[in-house]
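Engineer: Here's a sequence, model it:
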Amino acid sequence: LDFQGNQLSDVQVVRLGACIGQYSALKYLSLILGNQRLAVRHLDPVAEGIVKCRRLQLLKLDFQGNQLSDVQVVRLGACIGQYSALKYLSLILGNQRLAVRHLDPVAEGIVKCRRLQLLKLDFQGNQ
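Structural biologist: Reported below is the predicted structural model:
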């Protein structure tokens, strides 16, 4: 799903999260939400939907150009750590103004993915 730069409304993001959550048997998810100016209220419904997809083997998340908060990054790390079947993870968090301390929860989540075979991380443009 590629929504890069579309400036989704609050209602659209809530619906997107609910829609993703209905597919709990989903194995492959690519979600591109770059340059959306997502606030905490925007990302939470999407994260809640993704968390319901426990069988994910491939997860690509692109949040480049958004200004994720500390809280969102912690939640993202916790979310990633729940996918024991995950084999491929691509996480794009470029241009977020994230400091190193913000990335610790993400690293803690990744470490829990014991079956991971391919990992792509992009933090370009952070502090």
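Engineer: give the contact list for G77.
Structural biologist: By CB atoms under 8 Å, 6 or more residues apart in numbering, the contact set of G77 is 104-110. Any C-beta I mention is one placed from the backbone N, CA and C, and that applies to glycine too.
Engineer: ugh, wrong one, I meant G94
Structural biologist: Counted by CB under 8 Å, 6+ apart, G94 has contacts 64-65, 122-126.
Engineer: List only buried entries from these.
Structural biologist: Those of the contacts of G94 that meet the buried threshold are 64-65, 123, by 16 or more other CB atoms under 10 Å.
Engineer: picking that back up, dump the contacts of G77 to TSV, plus pLDDT.
Structural biologist: As requested, those are exported to TSV (pLDDT from 0 to 100):
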residue	pLDDT
D104	83
P105	83
V106	84
A107	86
E108	88
G109	88
I110	90
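Engineer: wait, D70 sits on H102?
Structural biologist: Yes - D70 lies in contact with H102 (CB atoms under 8 Å); the separation is 5.9 Å.
Engineer: Cool, thanks, talk later.
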